[in-house]
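> Below is the sequence, then the predicted model.
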Amino acid sequence: MRHSYQDMFRPEHESKSSIAWGASALSMCALQPPLWPLFSMGALALSCYRAYQTVDLYRFRASLSSLLAENISSDEAIATSKKHFAKGGLWIGKGFKWTQQHAEIARQIMYRNPRDIKAPPAWLPESVMRAIRPKNSVPLKGDAIGVPWIHGIGVEDEHELRLPIDALHGHTLVVGTTRAGKTKLYIQLTTQIIHNKDVLIVLDPKGDKDLENRMRTECEKAGRKFLFFHPAHPSKSIRINPLGNWNNVDEPATRIGQLIDADGSFAAFAWKTLFRIMRAQVADGSMPNIKVAKEYVQQGIEPLLERLIAKRLVSIEGAKWDQNLQSFGTQPARGKVSPIKSERLEQMIGKYLTMNIRDEAIDSLIAMVNHSKEHYSKMIQVLEPILEMLGSNELGAMLSPDPLDLSDKRPIYTTSQIIEEGAVLYVGLNSLSNKIIGSAIGSILLADFASSVGAMYNYGKEKSVYLLVDEAAEVVNEQTIQILNKGGGAGIKAFIATQTIADFDAVFGSTARTKQALGNLNNVICLRVKDTDMARWIADSFGKTSAKNISQSFSTGSNSSSIFTEFNGSSGYQKSDIEIPLVSPDLLTRLPGLQYFAFLAGSTLYKGRLSIINN
């Protein structure tokens, strides 16, 4: 496809041409040749046209050295977001559509010596410079991060950008290094979601105070219920049972089992132990929780087994079921010691087995109490640390709430209840202080959220729910992939933020698995990145385009049989099309703070910038 080529960094011939045509018009007015009014008006028109081209060129060059920064109030942001929400989208700042022309100009700049990129003439008055500089631009500091010309090459076409809500069901990947603007983006998004009355759940591993305070403030303005969970602030937090929602009884065991740092038979034994305990809890009429599971794993399941057998025998023989228990006692073989310490429990098991009753929950607990204690202690070592971390002290009370404890006034919630009530939840994971515990809390809460999503999906109860996860690699798990795969059908709109693709490689074990997981994200918002692999991967997803390549050739020579003063020479210019990335990976590593590239709905690429929202 043919397209025009324009070198925006050549000498400004238009200014000289404008002066020449202007002088020609004045000369005709002074000399008054035949038809001088007509010719002078034509010369003046050409002078004005060339002057316009000169100003346009100076405006372009001024925009390359101007850093755009805009502060707006919270009320202005809310008003703007409501306007865009009425049109079916979330407001994500200002920007322009990135096209082949911008890619070509960016390539010209990167391939030039910086001294060859001329600024507007120094002799221009400051009033003229203010007029041609972009609105909301600030002087560029020498130590500023990033290069402003990336946004400057298209600032004249800048307009407000909108992320279509229909595209959010495909979920969004947010990429950016530290201090690139991820928190500011999340502040802008959460402010809109809160005032749009949608359910919002935010998982923040590092616990950003700006984000938390903004969400709290906006909930007060909008009259929304704000729920806060943070291990470092237990007195201010709600209590959540992450095992409170499940469709199958094996799900609670899986949520804890996936946190175990073990493979093979150890992991399988730990999961089997948890599953047997939690299935028995359900059969006993109680809800599984981490704290009780820890007690049964460490202290034994004999009390639980006694209750289950007693309930089953009562259902068969009534209240007098235990009158003949003594007749069911058994003597261990010579030299053997019974693994069951309670004589009454041993008699109950004997009667249960004699009656040939079959109950999976009871049978599995009997197998556990008869298991070798030495082998059990060895195999269960991989499970005890995670139960100790999540089921002890204050955190145990927060994640395993006891509704019968009247001394604890903190409210108790499940994720399904939060969704049903249309609340806003902020979860700070305190990963800076304890990364292991923070990651475990985030993973198990995401698994609980996935179960709630699954129930909504299965029963067709679609509800608009936004899930925002920062530093997602610290909490991502297989259930998160299920949310990305199937959550859109249940009304879930997820934003997954990370700094680098290598963070996910460490979680999934391979780059191929990472790309498979992130391939579920149809929208990409990329702020400044430092990881070159991540930059190349993002740039490749944006696609390719073509650019004009100008090459010059010169040659001189002489014929030895000719006179020495005779020589020949030639010069040539060749213009050809070459394939280039629509966005070079180098651009992604040079973005100033709060600036981004956005690939929305799998179709359109934008270059944008965020505004700073003040209270």
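That came through, no problem. Numbering: from 1, shown residues only.
> use CA for all of it now, contacts and neighbours both
Fine.
> by contact count, what packs against the strand or helix carrying residue 265?
For residue 265, the host element (DSSP states H and E) is helix 264-283. Counting contacts by 3 or more Cα pairs under 8 Å, 6 or more residues apart in numbering; DSSP states H and E, helix 264-283 packs against helix 250-257, helix 290-299, helix 302-317, helix 360-369, helix 373-379.
> Which positions within that helix qualify as buried?
For helix 264-283, the buried set under the neighbour-count rule, 16 or more other Cα atoms under 10 Å, comprises 266-267, 269-281, 283.
> Quick check: which of the helices and strands packed on helix 264-283 is buried the most?
Most buried of the helices and strands packed on helix 264-283 by mean neighbour count (mean count of other Cα atoms under 10 Å) is helix 250-257; its value is a mean of 21.
> Identify the residues contacting it?
Here helix 250-257 makes contact (Cα atoms under 8 Å, 6 or more residues apart in numbering) with 243, 246, 267, 270-271, 274-275, 278-279, 288, 383, 386, 444, 447-448.
> Off-centre distance for it?
25 Å (Cα atoms, centre = their mean, to the nearest Å).
> Name the next helix or strand downstream of the longest helix seen in the chain, please.
For the chain, the longest helix by residue count, based on DSSP state H, is helix 36-64. Moving toward the C-terminus from helix 36-64, the next helix or strand (DSSP H and E) is strand 67-68.
> which other helices and strands contact that following strand?
On a contact count with 3+ Cα pairs under 8 Å, 6+ apart, strand 67-68 meets strand 137-138.
> low-confidence ranges in this structure?
For the chain, residues meeting the criterion pLDDT under 70 lie at 1-10, 113-119, 136-144, 329-339, 460, 550-569, 572-574, 615.
> Break it into its domains for me.
13-64, 162-238+411-547+583-614, 250-397 (automatic domain parsing).
> Show the end-to-end separation of the shortest one, please.
Looking at domain 13-64, the gap from its leading to its trailing residue is 20 Å under the measure Cα to Cα, to the nearest Å.
> before we move on, what about stretch 312-324?
Rule used - Cα to Cα; the end-to-end distance of stretch 312-324 is 16 Å.
> who's in contact with it?
Contacts of stretch 312-324 (Cα under 8 Å, 6+ apart): residue 352.
> From the chain's centroid, how far away is it?
57 Å.
> now stretch 152-172
17 Å.
> can you pull the buried residues of it?
Buried residues in stretch 152-172 (16+ other Cα under 10 Å): 152-155, 158, 161-164, 167-172.
> out of those, which are inside helices?
Of the buried residues of stretch 152-172, the ones assigned to helices by DSSP H are 152, 167, 168.
> CSV for these, including distance to residue 351?
Output for these, formatted as CSV (distance: Cα to Cα, whole Å):
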residue, distance to residue 351
152, 84
167, 62
168, 59
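> so what strands line up beside the helix or strand where residue 468 lies?
Residue 468 belongs to strand 465-469 when assigned by DSSP H and E. Using DSSP bridges, strand 465-469 pairs in its sheet with strand 199-204 (parallel), strand 492-498 (parallel).
> Residue 97: which of these is closest?
Closest to residue 97 of those, according to Cα to Cα: strand 492-498, at 22.1 Å.
> Can you tell me what sits against the closest one?
168-177, 182, 453, 463-473, 483-484, 487.
> Distance from the chain centre to it, please.
4 Å.
> beta partners of residue 163?
Applying DSSP bridges, one finds that residue 163 bridges with residue 90.
> who touches it in this structure?
Neighbouring residues of residue 163 by Cα under 8 Å, 6+ apart: 89, 90, 91, 92, 600.
> for these, which one is nearest residue 51?
Using Cα to Cα, the shortest approach to residue 51 within these belongs to residue 92, at 36.3 Å.
> Who are the contact partners of the closest one?
Contacts of residue 92 by Cα under 8 Å, 6+ apart are 160, 161, 162, 163, 185, 188, 189, 608, 609, 610.
> Wasn't it part of a strand?
Yes. Per DSSP: H, G, I helix; E, B strand; the rest coil, residue 92 lies within a strand segment.
> Quick check: it vs residue 30, distance?
Using Cα to Cα, residue 92 is found at 58 Å from residue 30.
> Please identify the most buried of the domains of the chain.
Among the domains of the chain, the stretch with the highest mean neighbour count (mean count of other Cα under 10 Å) is domain 162-238+411-547+583-614, at a mean of 20.
> Show the end-to-end separation of that one, please.
21 Å.
> Distance from it to the middle of the chain?
Relative to its parent chain, domain 162-238+411-547+583-614 has a centroid offset of 3 Å by Cα atoms, centre = their mean.
> re earlier: quick check, nearest of the contacts of helix 250-257 to residue 19?
residue 447 (71.3 Å).
> Where does the closest residue to residue 477 other than its chain neighbours sit: helix, strand or coil?
The shortest distance from residue 477 to any non-neighbouring residue, by Cα to Cα, 6 or more residues apart in numbering, is to residue 443 (6.3 Å). The local conformation at residue 443, judged by three-state DSSP, is helix.
> Among the contacts of residue 163, which one sits closest to residue 405?
Of those, the one sitting nearest to residue 405 (Cα to Cα) turns out to be residue 90, at 43.0 Å.
> any idea how far the closest one lies from residue 192?
As judged by Cα to Cα, residue 90 and residue 192 stand 7 Å apart.
> any residues in contact with both of these two?
Both residue 90 and residue 192 are contacted by residue 81, under the criterion Cα under 8 Å, 6+ apart.
> Contacts for stretch 416-433 next, please.
194, 197-208, 212, 219, 224-232, 245, 437-439, 441-442, 449, 452, 465.
> Determine how far the last residue of it lies from the first.
End-to-end distance for stretch 416-433: 29 Å, by Cα to Cα.
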